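In: Any chance you could fold what I've pasted below:
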Amino acid sequence: MIETSTESCSAALSEGERILACRTSDTPRQQSSMLAPFIQEVLAEAGLSARDLDAVAVSEGPGSYTGLRVGVSTAKGVCFGAGKPLIGVDTLRILALQAEGSFHRIIPMIDARRMEVYAAVFDGNAEKLGDTAAVILDADSFREELDGGSVLFIGTGVEKFQAVCRHPNACFQPCMPNASFMLKPSLEALQKKEFKDVAYFEPFYLKEFVAGVTKRSAL
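Out: Below you'll find the model as predicted:
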């Protein structure tokens, strides 16, 4: 299982419902240099090779354009090389599964630009209730969910909302998604044989990538 949708990087190996090995780094923008060694390390720790895998799961977004590209291209490489199927896992569900405590609603948030986040609403069991959307945060964001009971905001974008939200039902858990929490959705997809087309699968960016233009290049 591979997770690179934010600034962190993690890889995990599982057998059944048990995590055999996991590697994680929160060092920003190091996915391209750390991911391959992490994959080799978790396989070596379990005494396995890529050909022993049943499938390869990757966090499919939304998230960082560069991070998602690194994760998906690496996952595809393993799948092609070992002849294994590919599973895509919603990044926001990974965060919802990392929730600590019991809540009426869980709302994972991935940091975007300025006061914008990528978010979706999940129930207390981390089951998705609506579509993923780009949300510009203000003091009244998610008012309906907050009026209905306790809500956990979790992920890399929650500090933005914590700065403006004063609702008594709001709880906040800043964190990055981690590959070890991909186990449940990965097993569900494996059992249902819900695999991605390795050749054509693309990450879910939600928004198109726009390259920055420096003053020097604009001259």
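In: okay, CA-based contacts and neighbour counts for the rest of this
Out: Noted.
In: mind listing the strands for this structure?
Out: 2-3, 9-15, 18-25, 56-61, 86-90, 105-111, 116-119, 122-123, 133-136, 151-155, 170-174 (DSSP state E).
In: strand partners of the last one, parallel vs antiparallel please.
Out: When pairs are called by DSSP bridges, strand 170-174 turns out to pair with strand 151-155 (parallel).
In: between the partner strand and strand 105-111, how big is the angle?
Out: Counting by axes from the mean of the first three to the mean of the last three CA atoms, to 10 degrees, strand 151-155 lies at 30 degrees to strand 105-111.
In: Report the backbone C-alpha coordinates of strand 151-155 in PDB.
Out: Taking C-alpha atoms only, strand 151-155 is exported to PDB below (Å, rounded to 0.1, in the frame of the first residue of the first chain):
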ATOM      1  CA  VAL A 151     -17.900  16.500  13.900                       C
ATOM      2  CA  LEU A 152     -14.200  15.600  13.600                       C
ATOM      3  CA  PHE A 153     -12.200  17.600  11.100                       C
ATOM      4  CA  ILE A 154      -9.100  15.600  10.200                       C
ATOM      5  CA  GLY A 155      -6.200  16.000   7.800                       C
END
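In: in it, what counts as buried?
Out: Using 16 or more other CA atoms under 10 Å as the test for burial, strand 151-155 gives Val151, Leu152, Phe153, Ile154, Gly155.
In: cool, stretch 33-46 as well?
Out: Across stretch 33-46, burial judged by 16+ other CA under 10 Å covers Met34, Leu35, Phe38, Ile39, Glu41, Val42, Leu43.
In: pretty sure the last one contacts Ala50?
Out: Yes - using CA atoms under 8 Å as the test, Leu43 is close enough to Ala50 to be in contact (7.4 Å).
In: before we move on, back to that, name the stretch among the strands of the chain that sits most buried.
Out: When the strands of the chain are scored by mean count of other CA atoms under 10 Å, the highest mean neighbour count falls to strand 2-3 (a mean of 32).
In: Tell me which other helices or strands that one touches.
Out: Strand 2-3 is packed against strand 9-15, strand 56-61, helix 65-82, with contacts defined by 3 or more CA pairs under 8 Å, 6 or more residues apart in numbering; DSSP states H and E.
In: can you list the strands of the chain in TSV and add mean pLDDT?
Out: Below are the strands of the chain laid out as TSV (pLDDT from 0 to 100):
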stretch	mean pLDDT
strand 2-3	98
strand 9-15	97
strand 18-25	97
strand 56-61	98
strand 86-90	98
strand 105-111	98
strand 116-119	97
strand 122-123	98
strand 133-136	96
strand 151-155	98
strand 170-174	98
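In: In TSV, list these along with distance to Ala75.
Out: Listed next are these as TSV, based on distance: least, CA to CA, whole Å:
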stretch	distance to Ala75
strand 2-3	7
strand 9-15	11
strand 18-25	16
strand 56-61	6
strand 86-90	7
strand 105-111	21
strand 116-119	23
strand 122-123	27
strand 133-136	25
strand 151-155	23
strand 170-174	27
